[in-house]
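Enquirer: Predicted model and sequence below, questions to follow.
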Amino acid sequence: MTADNAPLPVARPLPRVFSRLAGAARTALPPFAVLCVVVGAWYLVSYALFAPRRRFLLPPPHQVVLDGFLDWATFHEILSALEATAKVAVVGLVIASALGMTFAVLMNQARWVERSFYPWAVLLQTIPILAVVPLIGFWFGYGFWPRTIVCVLIALFPIITNTLFGLRSADTGQHDLFTLRQASRWRRLIWLEFPGALPAVFTGLRISAGLSVIGAIVGDFFFRQGEPGIGRLIDGYTRSLESGPLFAAIIVSALFGFVVFCLFGLAAHLVVGPWYESGQRR
């Protein structure tokens, strides 16, 4: 066999570990590239548009790191405030999840419940929360539980709508099978509708998790009694023109919301991924 007719070497598949590393790189590189662009634009705006005496309006990223993260006293203050906000957000999310799923199940089981309560749930979602927060303070005070109520009001609607959508998305053929077996309404709910609704339920939880964090921060801005949260800290930094710690507190708040969102995404993948088709395609 001549050299021209020699068979081409067959490319061997990469080991699984390298495939996973390549997949992780493809996932992480685009967000990292966007971060680099944002940081570069931040530096450009800070140094090109603001004179040194006005640069406190938009301090460069390294100044934010020095003043807000590397200064232990400031960073400890931010973490302590974040802990207080996290408690409110988590409790509010748990209550909103329990109420939202309960109402969704009742609406799915009885149409008259949906016709009676769903319009009010929509109306609750459309009311500006900033207009309701002062009323909550007048009625319930300004401590831990009024802030929790704010989180519940913000986080409730996505859980109701997503859970209700999931409960009604079960396959018609499977419903017919349960009908042939003369399954009761609650057996159909437990063994067919609720398992099939889990992907939609986790979608609602991910949305409501971020909204609950926002509600806790909004409550901190208005309720100035009890344990100070990240919202009150941001307001204090704004009033004292401490732009470095202010940006650091905002970044920490955003990272906390992102982490909570990712945790629910991971939980959805672990619970739903092994059997749900869209989870397997992730």
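Expert: Yep, it's here.

Enquirer: so where do the helices sit in the protein?
Expert: 16-49, 61-64, 72-109, 111-126, 129-140, 144-167, 172-180, 185-188, 194-222, 230-239, 243-272, 277-280 (DSSP state H).

Enquirer: what about those helices, which gets the closest to Arg55?
Expert: helix 16-49 (6.1 Å; C-beta to C-beta). (C-beta placed from N, C-alpha, C; glycine too.)

Enquirer: The closest residue to Val122 other than its chain neighbours and Leu99, how far apart?
Expert: Counting by C-beta to C-beta, 6 or more residues apart in numbering, Val122 lies nearest to Phe157, which is 7.5 Å off, once chain neighbours are set aside. Here Phe157 is placed at a distance of 11 Å from Leu99 (C-beta to C-beta, to the nearest Å).

Enquirer: So if I had to pick from these two, which one is more boxed in?
Expert: Higher neighbour count among Phe157 and Leu99: Phe157, with 21 against 15, using other C-beta atoms under 10 Å.

Enquirer: My read is that that one contacts Leu123, right?
Expert: No - between Phe157 and Leu123 there is no contact under C-beta atoms under 8 Å: 9.9 Å.

Enquirer: Burial check on Val94, number of neighbours?
Expert: Counted with other C-beta under 10 Å, residues neighbouring Val94 total 15.

Enquirer: same thing with the one 3 residues further on?
Expert: Taking other C-beta under 10 Å as the criterion, the count of residues near Ser97 is 21.

Enquirer: before we move on, what about Tyr237?
Expert: Neighbours of Tyr237 using other C-beta under 10 Å come to 22.

Enquirer: out of everything not next to it in sequence, what's closest to it?
Expert: In space, and not counting its chain neighbours, Tyr237 is closest to Leu246: 3.8 Å by C-beta to C-beta, 6+ apart.
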